[in-house]
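# any chance you can model this:
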Amino acid sequence: DEGDVVMEHEKAGRSSGRSEKGKSRLVKAALTALLLSALCVAAYLSGTPLGFRAHALDTPDGVSAVHFIDVGQGAASLLCCEGHFALTDTGTQQSREELVSYLQTAGVKTLDYVFLSHPHDDHAGGLSAVLDFFEVGTVVLPRETPGGEAPEPLAQEAMERIAREGVPCVRAKEGDSFALGSGAVTVLSTGVPGGDANDASTVLRFEAPEFSCLFPGDAQEDEILSLIRSFTDVSADVYAVAHHGAESGADRAFLQRVGAQVAVISCGRGNTFGHPNAETLARLDLIGAQTERTDESGSVAVFRDSSG
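Below is the predicted model:
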């Protein structure tokens, strides 16, 4: 029974605060997810294809993968390596049921880490729901926002809950590395002095045995330029396009340094910000990246397809 599958992952002893109606929506969302048809757009890396899939269940068992989850105008990505899972950002409050459903359908019970790139609600809005339904090893928080900019309300609420409930947490520091199976997630940057919360985004690189993926959060021009000037190795096979595809995170020199063959943009359908920017799409095309968008394709999973 799919309803049993959905609810058995709810964390014992911790109240979710959901109504029966809310739980029913979660069950419905999970069942709907199971019916999604597969999307397969082949991308190639060193002669071995990287595969795109529209849903977690279409990912071959045992492979390392990154799932860019459709959370509307926000961001949330599931990292998988040898039965270990981590989450980078948690989407919006409005998308929390879709996020939980997706993770449960993907077989997640425990998240080794939850990384928050910066304290904006479109990246941290689903954190409380994640804590409700999953065991979380460690929450990796961004550094304190420069200039005293306060976290947005849902991000603040989630961080207060972490402190109140004693959820293990650390602040990200440049050079930190977090093991995920035989892979690792490394902190490349924690932002630039004097910037806003976007330019204090934690920039992460996931290095799996099969491929690598760069996550710059909502990093904008100042942090991007800082990465270029510091000669930080930002190369990656897969690029989670900065700031939902805004032009401010699509510096030409930076994209060339990344050199990704696959780029994925997390953004909402019909969003009012104009994401992704047309110039960003043109620059990705110029570097030869094959680009997917969650507003057009829904959730996208990227993995190396060893079947050839």
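# and residue 184, what is it in contact with?
Neighbouring residues of residue 184 by CB atoms under 8 Å, 6 or more residues apart in numbering: 177, 178, 206, 207. The C-beta positions use only the backbone N, C-alpha and C, and glycine is treated the same way.
# partners of the host helix or strand of the second one, with directions?
Following DSSP states H and E, the helix or strand that holds residue 178 is strand 177-180. Strand pairing for strand 177-180, using DSSP bridges, gives strand 183-189 (antiparallel).
# so which bits of the partner strand are buried?
For strand 183-189, the neighbour count (16 or more other CB atoms under 10 Å) marks 183, 185, 186, 187, 188, 189 as buried.
# out of the residues you listed, which one sits closest to residue 259?
residue 188 (15.0 Å; CB to CB).
# how far away is that closest one from residue 122?
Distance, residue 188 to residue 122, by CB to CB, to the nearest Å: 22 Å.
# repeat that for residue 285.
Taking CB to CB, one finds residue 285 at 26 Å from residue 122.
# about what we covered before: with pLDDT and distance to residue 162 added, can I get the contacts of residue 184 in JSON lines?
Formatted as JSON lines, those follow (pLDDT from 0 to 100; distance: CB to CB, whole Å):
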{"residue": "177", "pLDDT": "98", "distance to residue 162": "22"}
{"residue": "178", "pLDDT": "98", "distance to residue 162": "17"}
{"residue": "206", "pLDDT": "98", "distance to residue 162": "23"}
{"residue": "207", "pLDDT": "97", "distance to residue 162": "27"}
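# for the residues you listed, which single residue is the most surrounded?
residue 206 (27 neighbours; other CB atoms under 10 Å).
# isn't that one right up against residue 185?
Yes - counting by CB atoms under 8 Å, residue 185 is a contact partner of residue 206 at 5.1 Å.
# okay, and the common contacts of the two?
Residues touching both residue 206 and residue 185 (CB under 8 Å, 6+ apart) are residue 79.
# which stretches of the stretch 151-300 of the chain form strands?
In the stretch 151-300 of the chain, the strands defined using DSSP state E, counting those that start in this stretch lie at 169-171, 177-180, 183-189, 203-207, 212-215, 238-240, 262-265, 290-293, 300-304.
# nearest the geometric middle of this structure, what residue?
Centroid-nearest residue in the chain, with CA atoms, centre = their mean: residue 77, separated by 2.5 Å.
# neighbours around residue 288, how many?
9.
# pretty sure it is touching residue 262, no?
No - using CB under 8 Å, residue 288 and residue 262 do not qualify as a contacting pair, with a distance of 10.4 Å.
# that older thread, can you pull the contacts of the residue nearest to the centre of the chain?
Here residue 77 is in contact with 66, 67, 68, 69, 87, 88, 89, 215, 240, 266 (CB under 8 Å, 6+ apart).
# between the residues you listed, which is nearest residue 233?
residue 215 (14.5 Å).
# who is the closest one paired with across the strands?
Beta-bridge pairing for residue 215 (DSSP bridges): residue 204.
# quick one: it from residue 269, how far?
The gap separating residue 215 from residue 269 is 22 Å, by CB to CB.
# more neighbours, the two?
Between residue 215 and residue 269, residue 215 has the larger neighbour count (other CB under 10 Å), namely 27 against 12.
# low-confidence stretches in this protein?
Low-confidence segments of the chain (pLDDT under 70): 1-58, 145-149, 306-308.
# what are the boundaries of the helices in it?
Ranges of helices within the chain are 2-8, 20-34, 96-105, 121-124, 127-133, 153-165, 221-229, 252-258, 278-286, 294-297, based on DSSP state H.
# any chance of TSV for those, columns distance to residue 199 and mean neighbour count?
Below are the helices of the chain laid out as TSV (distance: least, CB to CB, whole Å; neighbours: other CB atoms under 10 Å):
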stretch	distance to residue 199	mean neighbour count
helix 2-8	38	14
helix 20-34	34	15
helix 96-105	26	24
helix 121-124	14	28
helix 127-133	21	23
helix 153-165	16	16
helix 221-229	5	18
helix 252-258	14	17
helix 278-286	17	16
helix 294-297	23	18
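# pull the CA atoms of stretch 105-112 into CSV?
The C-alpha coordinates for stretch 105-112 follow below in CSV (Å, rounded to 0.1, in the frame of the first residue of the first chain):
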residue,chain,number,x,y,z
THR,A,105,9.4,7.8,-3.1
ALA,A,106,13.2,7.9,-3.7
GLY,A,107,13.6,5.7,-0.6
VAL,A,108,15.1,8.2,1.7
LYS,A,109,14.7,7.6,5.4
THR,A,110,17.9,9.3,6.7
LEU,A,111,19.7,12.3,5.3
ASP,A,112,23.4,12.3,6.3
